[in-house]
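>>> curious how this folds, go ahead:
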Amino acid sequence: QVQLVESGGGLVQTGGSLRLSCEAFGRTFSSAAMAWFRQAPGKEREFVAASGGVGWSEPTKYADSVKGRFTISRDIDKKMLYLQMVNLQPGDTAVYYCVASDGPIPQTMAGSYAYWGQGTQVTVSS
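Numbers count the residues shown, from 1 in each chain. Below is the predicted model of the structure:
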């Protein structure tokens with residue numbers, strides 16, 4: 001059974017930093033795309049960042065709202081996905097979801113990802 005388990009969320013002040021982690025169980029996703037999405041209260045789920053499968057021509061992709069502040073990375077051997085977030089703003093407050101695909105392309109549409117974690121809360125206070 002495939003599971004994605006996120007950790008690292010919490011409460012941080014404006015301008016602060018957090019690193020989210022996601023561990024995959026049940027299979028390896030080294031050749032598949034993985035990504036982070038988020039959903040704020042009363043808003044639709046939105047794309048944050050994606051990492052293409054190993055060897056894919058476009059290794060990462062970011063939403064414009066997080067470019068320059070968030071960095072997605074992987075540790076293939078440990079089956080881990082990370083999201084380093086700096087200069088956090090109140091608008092970043094949301095539940096953050098780790099997701100994985102069966103294909104290598106780093107997509108921005110939620111429907112492209114078959115596997116979802118349970119989410120981790122990030123709250124940025126002003």
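>>> helix, strand, or coil at R27?
Secondary structure, DSSP: H, G, I helix; E, B strand; the rest coil: R27 is coil.
>>> what's near enough to touch it?
Contacts were defined as CB atoms under 8 Å, 6 or more residues apart in numbering; by that measure R27 touches V2. (C-beta placed from N, C-alpha, C; glycine too.)
>>> residue contacts, W116?
4, 97-99.
>>> go with 7 Å
4, 97, 99 (CB atoms under 7 Å, 6 or more residues apart in numbering).
>>> same thing with R45?
By CB under 7 Å, 6+ apart, the contact list for R45 reads 37, 39, 110.
>>> buried subset of those as a PyMOL selection?
The following PyMOL line selects those of these that are buried, judged by 16 or more other CB atoms under 10 Å:
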select buried, resi 37+110
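>>> what about A63, distance to I105?
Relative to I105, A63 is positioned 16 Å away (CB to CB, to the nearest Å).
>>> check S126 too.
Using CB to CB, S126 is found at 37 Å from I105.
>>> of those two, which one has the most company?
Between S126 and I105, I105 has the larger neighbour count (other CB atoms under 10 Å), namely 15 against 8.
>>> surely that one meets A35?
No: counting by CB atoms under 7 Å, A35 is not a contact partner of I105; they are 10.6 Å apart.
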